[in-house]
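*Asks:* starting from these lines, generate the structure:
(one chain, ligands or ions: 1)
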Amino acid sequence: MTHSASPKCRSCGAPLTLTLVDLGMQPLANSYVPMANAGKPEAKYPLHARVCESCWLVQVDDVVPADAIFHGDYAYFSSFSESWLAHCKAYASKMTDELRLNGQSLVIEIASNDGYLLQYFKGVGIPVLGVEPSGNTAAAAEKRGVPTLVEFWTEALARRLYDEGKRPNLICSANVLAHVPDINDFVRGVSRLLTGDAVYTVEFPHLLNLIRLVQFDTIYHEHYSYLSLLAVEKIFDAAGLRVFDVEEMPTHGGSLRVYACRKEASHGERPGLAKVRADEAAAKLDRAEGYQGFTARVEAVREGLLDFLTSAHHGRKTVAAYGAAAKGNTLLNYCGVGAQSITYCVDRNPAKQKTLLPGSGIPVFDVDELQRRPPDFILILPWNLKAEIIDQLSDLGLKGTRFVTAVPNVSVTA
Ligand SMILES: [Zn+2]
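*Replies:* This is a model prediction of the structure:
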């Protein structure tokens, strides 16, 4: 195999020479195929996660044309997950207390989606502003009274908001930092708009858990970066920010919520920061050793899933999948699983129903399909929502359907 040029780190520019895992050629994880296009060729791109040995940012090669990657029609509506809403409500209440937010404050959320989070600030009379590039989710936010700019977050936009006199007390973003191609520009934008003791909180799936729990299925093209505290602190430092606290949370298989402020702000360091720094050092995330051996563990997950599907097939058992999530597509395509092994998939999002999963070609229906054609096994693709999904489908469980997750190893309910 020949390389035209060694890829460079998107944050610090160093050449990327260390592989975390190479998942081969894959379609875009969110490019659901209309049923009328069944059997037609799909665009596929290399999906290769690499480690920067200079700043330790883990990243996938930027190989997909920008116009191919944005699929507004299938946008994810955050309000579809009840456990996520409960998480957001608790966060809003905590920040309102901690920062003493009131009717004169301003909270800005970057990638505010359908207003799922800002509604809780607005509900207690705190002014809010959402920034959201997807028109249809922004429209849903406006409908619930959350003012929303339909734009991508950039340093240029932050400068404009600053010039308009916007002085947020809190800027927040959840599960977006990893999805921006120009992570430095994004963070500089945050830094530009923070003044005094204003706080930025950012949530992202923690790389430490990705490695520890073999969550390789969270790797897909639109997910450019896989973040450790170590890498985030370096990026923030370059933009004039410093981290003063970190919380570990169970969302998305183990996330961090990082609290940052301007370097000159008065916030003192809290114990959570030292704790996560120490965990990452113990896991050797500051040297190549921490990343080597991951590929072999990913291959073991593939073998486990294929063994399970083969024995289900031999036992004439049917398998359906729950949740047309991006992570499911990475898993199924890396493992080479198709509609021969998994009869159908269900999803609550109407935009994904009556499509085929990219690559695997498994048809997607509404959740009632599980009642019409009850399967012996349901493979839960968004394993981070496993408990919630098993609870929702408890009637099927009582009738004998068993629930399966593939990561970090195949697990079947009794
Ligand atoms: Zn780097």
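*Asks:* residues contacting residue 329?
*Replies:* Applying C-beta atoms under 8 Å, 6 or more residues apart in numbering to residue 329 gives the contacts 26-27, 29-30, 220, 357-360. (C-beta placed from N, C-alpha, C; glycine too.)
*Asks:* try it again at 6 Å.
*Replies:* For residue 329, the contacting residues are 29, 357-358, taking C-beta atoms under 6 Å, 6 or more residues apart in numbering as the criterion.
*Asks:* so can I have CSV of those showing distance to residue 165?
*Replies:* Below are those laid out as CSV (distance: C-beta to C-beta, whole Å):
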residue, distance to residue 165
29, 40
357, 47
358, 44
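*Asks:* most neighbours of all those residues, which one?
*Replies:* When those are compared by neighbour count (other C-beta atoms under 10 Å), residue 357 ends up highest, at 30 neighbours.
*Asks:* am I right that residue 23 falls within a strand?
*Replies:* Yes. Counting by DSSP: H, G, I helix; E, B strand; the rest coil, residue 23 falls inside a strand.
*Asks:* phi and psi next, for the closest residue to it other than its chain neighbours.
*Replies:* Distances taken as C-beta to C-beta, 6 or more residues apart in numbering put residue 47 closest to residue 23, at 4.2 Å, once the chain neighbours are dropped. Residue 47 has phi and psi values of phi -120, psi 100 when expressed as degrees, to the nearest 10.
*Asks:* ok, residue 143 next?
*Replies:* Here the main-chain torsion angles of residue 143 (degrees, to the nearest 10) amount to phi -60, psi -30.
*Asks:* that one: how many residues sit nearby?
*Replies:* As a burial measure, the neighbour count of residue 143 was computed by other C-beta under 10 Å and equals 10.
*Asks:* middle-most residue in the protein, spatially?
*Replies:* In the chain, the residue lying closest to the centroid (C-alpha atoms, centre = their mean) is residue 175, at 5.1 Å.
*Asks:* per-residue confidence at that one?
*Replies:* The pLDDT attached to residue 175 in the predicted structure is 89.
*Asks:* swap in residue 71?
*Replies:* Note on residue 71: pLDDT of 50.
*Asks:* how many other residues sit next to residue 220?
*Replies:* Close neighbours of residue 220, defined as other C-beta under 10 Å, add up to 23.
*Asks:* mind pulling the model confidence for the nearest residue to it once chain neighbours are set aside?
*Replies:* In this structure, residue 220 finds its nearest non-sequential neighbour in residue 29, 3.8 Å apart by C-beta to C-beta, 6+ apart. As predicted, residue 29 sits at a pLDDT of 87.
*Asks:* and if you look at residue 65?
*Replies:* Residue 65 carries a pLDDT score of 77 in this model.
*Asks:* same question, residue 74
*Replies:* Per-residue confidence at residue 74 stands at 45 (pLDDT).
*Asks:* rewinding a little: dump the residue contacts of the residue nearest to residue 220.
*Replies:* With contact taken as C-beta under 6 Å, 6+ apart, residue 29 is in contact with 220, 326, 329-330.
*Asks:* if we go to 7 Å?
*Replies:* With contacts defined as C-beta atoms under 7 Å, 6 or more residues apart in numbering, the neighbours of residue 29 are 220-222, 326, 329-330, 358.
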